[in-house]
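give me a 3D structure for the following:
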Amino acid sequence: MPRPHLVATDLDGTLLRKDGTLSARTLDALRATADAGAEIVLVTARPPRYLDTLAAATGLTGTAVCSNGAIVYDIGRRTVMGTSPLAAPVARRVAAALRDAAPGVGFAVETGHRLRWAPGYGHRLPEDAGAEVPVPSLAELWATPDPFVKLLAWSPALDADALLAVAEHAAGGRAQFTHSGGHGLLEVSARGVTKAAALAALCASRGIAAEQVIAFGDMPNDLPVLTWAGTGCAVANAHPAVLTEVAHRTASNEDDGVARVLERLYGTGTGER
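Numbers count the residues shown, from 1 in each chain. Just a heads-up that it's a prediction; the model follows:
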């Protein structure tokens, strides 16, 4: 396999360990890949504020596709390069359809800087501390001048796969539905907004063809980019749907799966066996 010009990798469950850290081996492999001339693009469901924290801990820079493709972000400069927001009226209609189809669902909206959540939304993460804005009612959830990059729907009763199926049936065509493995958590973007769409536009601006890209991922929200890239590679711990649809495999995130492939392609390590 020729060396790809660009490496696109998911974070949680793919590049990062379960504790949210990057291993020394993975950091070394990323540095060797960059030194070899390949661009590294992080493609994640996470918002830019999470990338700021990760960069401070690891020294990572470059470009990131955040919020499942709704934001393109310059990590080093902490600058948003482009956004594809979800219109508030669409978010309201999708929420209404989901409430009818799956009673008990709670909602939040991600702006990239803040997470606004209404009563009934129970999927709150420690890393969002300081960025959360609770609102007293669902009606007030939509009352913000900041654009929505994602609508988040959380069910205490349904897992993410089941909630995704309900959403596709109840509101398919109105927006883009996916999930990244959070228990009972559905992620809703503007129609056509995916990691792959944002990455394809970024690559086009750099004159890089899909065939010159290798991508790594583990969850359904990664499937569009894994199937768009010339080489898509699933980590061993990936969601069953990803393992079914993606031909290339590597070791799990806990076993430095991404690093093993990068070492073989760009570095001097032992590489993947």
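
counting by contacts, list what the longest helix along the chain packs against.
What stands out as the longest helix in the chain, according to DSSP state H, is helix 88-101. Contacts defined by 3 or more C-beta pairs under 8 Å, 6 or more residues apart in numbering; DSSP states H and E place helix 88-101 against strand 150-154, helix 160-171, strand 185-189. Backbone N, C-alpha and C define where each C-beta goes, glycine included.

if we use 10 Å, what do you get?
Secondary-structure packing of helix 88-101 (3 or more C-beta pairs under 10 Å, 6 or more residues apart in numbering; DSSP states H and E): strand 106-110, helix 138-141, strand 150-154, helix 160-171, strand 185-189.

need the mean per-residue confidence for it.
Mean per-residue pLDDT for helix 88-101: 96.

what comes into contact with that helix?
For helix 88-101, the external contacting residues (C-beta atoms under 10 Å, 6 or more residues apart in numbering) are 85-87, 105-107, 109, 118, 120, 138-139, 141-144, 147-148, 150-151, 153, 155, 163, 166-167, 169-172, 174-175, 177, 186, 188, 190-191.

ranges for the strands of the stretch 101-250 of the chain?
Applying DSSP state E, counting those that start in this stretch to the stretch 101-250 of the chain gives strands spanning 106-110, 115-117, 132-134, 150-154, 176-178, 185-189, 213-217, 231-235, 248-250.

need the winner for burial among these.
strand 213-217 (a mean of 28; mean count of other C-beta atoms under 10 Å).

tell me what that strand is packed against?
Using 3+ C-beta pairs under 10 Å, 6+ apart: strand 213-217 touches strand 6-9, strand 39-43, helix 195-206, helix 223-228, strand 231-235, strand 248-250, helix 257-266.

let's have the ones you listed in JSON lines, adding mean pLDDT and distance to residue 72.
Shown next, in JSON lines, are these (pLDDT from 0 to 100; distance: least, C-beta to C-beta, whole Å):
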{"stretch": "strand 6-9", "mean pLDDT": "98", "distance to residue 72": "12"}
{"stretch": "strand 39-43", "mean pLDDT": "98", "distance to residue 72": "9"}
{"stretch": "helix 195-206", "mean pLDDT": "98", "distance to residue 72": "6"}
{"stretch": "helix 223-228", "mean pLDDT": "98", "distance to residue 72": "13"}
{"stretch": "strand 231-235", "mean pLDDT": "98", "distance to residue 72": "20"}
{"stretch": "strand 248-250", "mean pLDDT": "97", "distance to residue 72": "26"}
{"stretch": "helix 257-266", "mean pLDDT": "96", "distance to residue 72": "21"}
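
fine by me, we can end here.
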